[in-house]
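A.B. asks: Build me a structure from this.
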Amino acid sequence: MPVYTFRGRNIRTNESITGERFSASAQALAAVLRREQVAPISIREKADRSRTFTLRRKVPQADVALFTRQFSVMLDAGLPLVQCLEAMAQQNPNAAFKSTLEQVRGDVEGGSTLADAMARHPKVFDPLYTNMIAAGEAGGILDTILQRLATFIEKIVKLKRALRSAMIYPVVVLSIAAIVVSIILWKVIPVFRTLFEGFNVQLPLMTRMVIAASSFLETYLIFMVAAVGLIAFGIRSYYKTDNGRHTIDRFLLRIPVLGEVFRKIGVARFTRTLATLLTSGVSILEGLDITARTSGNAILEDTILQVRKNIEEGKTIVEPMKQSNFFPSMVTQMVSVGETTGELDTMLVKIADYYEEEVDNTVASMMTILEPMLMVVLGVIVGGIVIAMYMPLFKLIQTLSGG
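C.D. replies: Now for the predicted structure:
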């Protein structure tokens, strides 16, 4: 939606007013200004070169959760929808999110529903969000729906943080270890190599191995860095394909310990998302379709779509869940009980609560074990290099002392 600069006068006070607003057209903005008791004098479309860059910036889910929580409070207090959006846009520190909210407000002023206006920004408001907003508008319970959405997004953000904690710590420690070892092999070992060449003695096997590794790194360092970059690019490109996504997601689920964390996060996210949608009045078929698209794992997505197909055919929700081997037996049993008693949404919430706590406990335990293990590995590698370099010196000192 374009940005317009305008100049006008307040009809009551004759005060000059200037500003900028998002609007579908100059005529639509003129109509909005008149409703606000402002007589437009000039309205021009603004050529905003920085806007393209601004809108490309990502809006974190934590910011969306905070906006949703504040939005629900303002609506519950009785403030008009457009006024809420305007206030939220003005006080938002994220430039990309601010632009989005201003466009949403402009679309709502132009006659769009809130759900339709938000659906025009899928990178900020995903299908789950917009479908729940639509359900809230249809049922007249938008403030309640926003509260549920805020709670849901906050829990999803918490799960993502747990996932990052599980992956980032070992990656960072191992990366630092690789950098430290590379610097030692690249800069320090050649000094010892030059020194040892003057001894004209047979070096220990361990020392020869370290010197060989240093020579290899010196010769092929550029090629190794390029290879790492190409491998990372190749994996990323492969993951964008359907086959690559399935292969990599399946591999991640099979990684010892970490794969179990991914599985628990997938179960928690699936049950929380579906429970939130069902509680908000979204049909189970539409809820499963949205949940599949937002599952974050190709294997889980296939399972959810199979569940949806079964329900369309008049079958139960449990059977494809059992056949997939993705869900633990406890989950399928609880879902079966919920389906039988007609309290599926309540049972899904209980499962989500349990597995979110399980993720927290598993990640905490994993960090407790990983930290000393990684320190030991780093110590052994660096210590081994140091020992290898000093072994010939000790041998030389012993020889000179004996002589």
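
A.B. asks: and stretch 64-73, which residues are buried?
C.D. replies: Residues of stretch 64-73 classed as buried: 64-72 (neighbour count, 16 or more other CB atoms under 10 Å). The C-beta positions use only the backbone N, C-alpha and C, and glycine is treated the same way.

A.B. asks: Sitting in helices, which of those residues do you find?
C.D. replies: If you go by DSSP state H, those have 64-72 in helices.

A.B. asks: now those in a markdown table, with pLDDT and distance to residue 185?
C.D. replies: Output for these, formatted as a markdown table (pLDDT from 0 to 100; distance: CB to CB, whole Å):
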| residue | pLDDT | distance to residue 185 |
| --- | --- | --- |
| 64 | 90 | 46 |
| 65 | 88 | 46 |
| 66 | 89 | 47 |
| 67 | 90 | 50 |
| 68 | 89 | 51 |
| 69 | 89 | 52 |
| 70 | 89 | 53 |
| 71 | 89 | 55 |
| 72 | 88 | 57 |
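
A.B. asks: follow-up on the earlier one: among the buried residues of stretch 64-73, which one sits closest to residue 157?
C.D. replies: Among the buried residues of stretch 64-73, residue 65 lies closest to residue 157 (CB to CB), at 6.1 Å.

A.B. asks: Was I right to think that closest one contacts residue 150?
C.D. replies: Yes - under the criterion of CB atoms under 8 Å, residue 65 is in contact with residue 150, at a separation of 5.6 Å.

A.B. asks: Could you pull up the residues touching the residue nearest in space to the middle of the chain?
C.D. replies: Among the residues of the chain, residue 160 comes closest to the average C-alpha position under CA atoms, centre = their mean, at 6.1 Å. Residues in contact with residue 160, defined by CB atoms under 8 Å, 6 or more residues apart in numbering, are residue 61.

A.B. asks: can you rerun that using 10 Å?
C.D. replies: Residue 160 makes contact with 61-62, 265, 269, 296, according to CB atoms under 10 Å, 6 or more residues apart in numbering.

A.B. asks: returning to what we had before: for the ones in helices among the buried residues of stretch 64-73, name the two members farthest from one another.
C.D. replies: When these are compared pair by pair using CB to CB, the two farthest from each other are 64 and 72, 12.6 Å apart.

A.B. asks: ok, and the closest non-adjacent residue to residue 275?
C.D. replies: residue 348 (3.6 Å; CB to CB, 6 or more residues apart in numbering).

A.B. asks: Give the residues shared as contacts by residue 64 and residue 72.
C.D. replies: Each of 149-150 lies in contact with both residue 64 and residue 72 under the rule CB under 10 Å, 6+ apart.

A.B. asks: Spell out the residue ranges of the helices in the stretch 1-150 of the chain.
C.D. replies: Assignment of helices within the stretch 1-150 of the chain using DSSP state H, counting those that start in this stretch yields the ranges 26-35, 50-56, 61-76, 81-91, 95-109, 114-119, 127-139, 142-183.

A.B. asks: average pLDDT for stretch 316-325?
C.D. replies: When pLDDT is averaged along stretch 316-325, the result is 81.

A.B. asks: just stretch 343-362 next, same as before
C.D. replies: For stretch 343-362, the mean pLDDT works out to 88.

A.B. asks: coming back round to it: which of the contacts of residue 160 are buried? Put it as a PyMOL command.
C.D. replies: To isolate the buried members of those in PyMOL, using 16+ other CB under 10 Å:
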select buried, resi 265+269+296
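
A.B. asks: From the contact counts, what lies against the helix or strand hosting residue 218?
C.D. replies: For residue 218, the host element (DSSP states H and E) is helix 205-239. In terms of contacts (3 or more CB pairs under 10 Å, 6 or more residues apart in numbering; DSSP states H and E), helix 205-239 is packed against helix 142-183, helix 189-197, helix 242-254, helix 344-402.

A.B. asks: Any idea how far the second one is from the middle of the chain?
C.D. replies: On the basis of CA atoms, centre = their mean, to the nearest Å, helix 189-197 is displaced by 47 Å from the centre of the chain it belongs to.

A.B. asks: buried ones in that helix?
C.D. replies: Burial within helix 189-197, assessed by neighbour count using 16+ other CB under 10 Å, is assigned to 189, 192-193, 196.

A.B. asks: between the ones in helices among the buried residues of stretch 64-73, which is nearest residue 363?
C.D. replies: Closest approach between those and residue 363, by CB to CB: residue 65, at 20.4 Å.

A.B. asks: For the closest one, which non-adjacent residue is closest in space?
C.D. replies: residue 153 (3.9 Å).

A.B. asks: List the contacts of that neighbour.
C.D. replies: Counting by CB under 10 Å, 6+ apart, residue 153 touches 61-69, 126, 128-129, 276.
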